[in-house]
Every structure is written in C-alpha cells, then in structure tokens.
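Engineer: here is a sequence with its predicted model. Questions after.
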Amino acid sequence: MNKINVWLIALLIGALVSCRDSAVPKPLGYFRIEMPEHAYTSYQADCPIALDIPNYSKVEVFKDRIGQDSCWFNIQYPRFKATIYCTYFNVNNNIDDLVKDAYGFAVKHEVKASALKRTMIEDQQNRLDGIIYDIEGEAASQVQFFVTDSTNHFFRGSLYFNVKPNPDSIAPVLSFIREDINHMVRSVRWK
C-alpha cells in the first residue's frame with residue numbers, strides 16, 4: 001500500500017467516525033414572551049398632571065402621599081413584574097434641586113451600569129422639558145425620567161423589575177416598556 005492509499009483510508013475512517021451523533025448540551029435560553037399591542041388611556045392623577053398610561057397596566061395611588069406640593073403613584077405591570085414609581089412635585093423656586101435630585105437618582109445606578117444614555121425631551125407647545133435616562137447593564141433600575149415646565153410642575157419616574165437584574169432575560173420586556181415610557185412622558189399635560 002502506498003502513502004496516498006493509507007492517507008485516503010485514514011481520511012475516510014476519520015470522516016465516518018466524526019459523523020456519529022454525539023450528545024451536545026443545548027445553550028441556555030429564555031422563554032418567549034408575548035407582548036400585547038401598545039394601547040393607552042388618559043389618566044387624570046390626583047395632582048395637577050394628566051398622562052396616557054398603558055391599558056395593560058394598573059395604577060396604585062398613595063392617598064396618604066398626596067399633599068399640597070406633591071403626590072405619589074405607581075404604574076404597575078403585573079404580567080411583567082415591573083413598576084414605574086412616579087412622583088409629582090410643585091415647583092417652588094426649587095427647580096435646580098429637583099433636577100439635581102432626579103439626576104442623582106439615575107447616577108446612583110452607574111455603579112452596576114455599563115452605560116448611562118440620555119434622551120432629551122423638548123416640547124415647547126406643551127411646556128415639557130426633561131430627560132429619559134437609559135441605564136444599561138445589571139443596574140436595579142433600567143429607565144428613569146423627569147419632565148417639567150420649569151416654573152410650576154415637576155414629574156419624575158423610575159422603572160424597576162421585581163426580579164434579579166439580568167439584561168439578557170429582561171431585554172424584550174424592557175424594550176416594550178421603554179416604548180410605553182416614551183409615550184407616557186410625551187403625553188404629560190399639566191392641569
């Protein structure tokens with residue numbers, strides 16, 4: 001037998017051996033999450049603010065936290081184990097402090113975040129100025145925002161999931177809720 005024949009036989013045997021089925025573990029995956037169609041209803045809060053909220057969410061109002069200068073309510077997504085914690089404040093020559101606090105709350109998550117992105121909100125017709133903070137990575141809150149008219153009204157919110165932060169597993173739901181937040185923030189109307 002010459003060297004070429006030995007090489008061909010070795011190649012043939014190698015091909016036959018490598019074609020056998022062997023058990024290979026499947027990669028870790030996540031369940032597919034069906035998202036509802038985005039749909040909104042106007043919500044009149046117990047404070048001087050109105051905004052559109054998703055039809056598939058529910059509002060939790062804190063009657064004991066409604067005062068002359070503030071009110072608190074949550075927008076809950078029971079299906080997704082997520083909550084947007086919302087706070088309204090009257091502006092009384094303290095706009096700089098309110099903006100600084102909103103920025104401070106977002107920046108606190110930078111320790112675990114891989115990035116902090118800002119989207120400016122400017123709507124002069126409806127007297128809305130503000131920022132949406134997208135906090136990427138394993139931070140506890142993935143989105144925070146505030147809008148104001150700079151003279152009388154200030155509204156801030158922060159999104160939290162009631163699960164351990166895992167950017168890969170919550171990504172589809174985060175993207176879905178992020179669209180809701182964008183719609184809600186731009187729908188704010190001062191009373």
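Structural biologist: Yes, it's here.
Engineer: OK, contacts around the residue nearest to Gly137 when sequence neighbours are not counted?
Structural biologist: Computed as CB to CB, 6 or more residues apart in numbering, the closest residue to Gly137 that is not its neighbour in sequence is Ser114, at 3.5 Å. The way it works is simple: take the backbone N, C-alpha and C, and place the C-beta from them, glycine included. Residues in contact with Ser114 (CB atoms under 8 Å, 6 or more residues apart in numbering) are 136-138.
Engineer: partner strands of the helix or strand hosting Ser114, with direction?
Structural biologist: In this structure, Ser114 is located in strand 113-123 according to DSSP states H and E. Strand 113-123 pairs in its sheet with strand 128-137 (antiparallel), by DSSP bridges.
Engineer: centre of the chain to the strand it pairs with, how far?
Structural biologist: Centre-to-centre, strand 128-137 and its host chain are 10 Å apart (CA atoms, centre = their mean, to the nearest Å).
Engineer: following it, which helix or strand shows up next?
Structural biologist: Under the assignment DSSP H and E, the closest C-terminal helix or strand after strand 128-137 is strand 141-148.
Engineer: strand partners (parallel or antiparallel) of that next one?
Structural biologist: For strand 141-148, pairing defined by DSSP bridges yields strand 128-137 (antiparallel), strand 153-161 (antiparallel).
Engineer: just the CA atoms of the last one, as CSV, please.
Structural biologist: As requested, C-alpha coordinates have been extracted for strand 153-161 and formatted as CSV (Å, rounded to 0.1, in the frame of the first residue of the first chain):
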residue,chain,number,x,y,z
HIS,A,153,-44.7,71.4,37.7
PHE,A,154,-42.1,68.6,38.0
PHE,A,155,-42.8,64.9,37.3
ARG,A,156,-40.3,62.0,37.7
GLY,A,157,-40.4,58.3,37.4
SER,A,158,-38.2,55.2,37.7
LEU,A,159,-38.7,51.7,36.3
TYR,A,160,-37.9,48.7,38.5
PHE,A,161,-38.4,45.0,37.8
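Engineer: for it, what is the average pLDDT?
Structural biologist: Here strand 153-161 scores 96 as its mean pLDDT.
Engineer: same question, stretch 104-115
Structural biologist: For stretch 104-115, the mean pLDDT works out to 80.
Engineer: any idea which of the strands paired with strand 141-148 is most buried?
Structural biologist: Highest mean neighbour count among the strands paired with strand 141-148 (mean count of other CB atoms under 10 Å): strand 153-161, with a mean of 22.
Engineer: what's it in contact with?
Structural biologist: By CB under 8 Å, 6+ apart, strand 153-161 touches 48-49, 51, 75, 80-91, 95, 98, 102, 105, 140-148, 170, 173-174, 177, 181, 188, 190.
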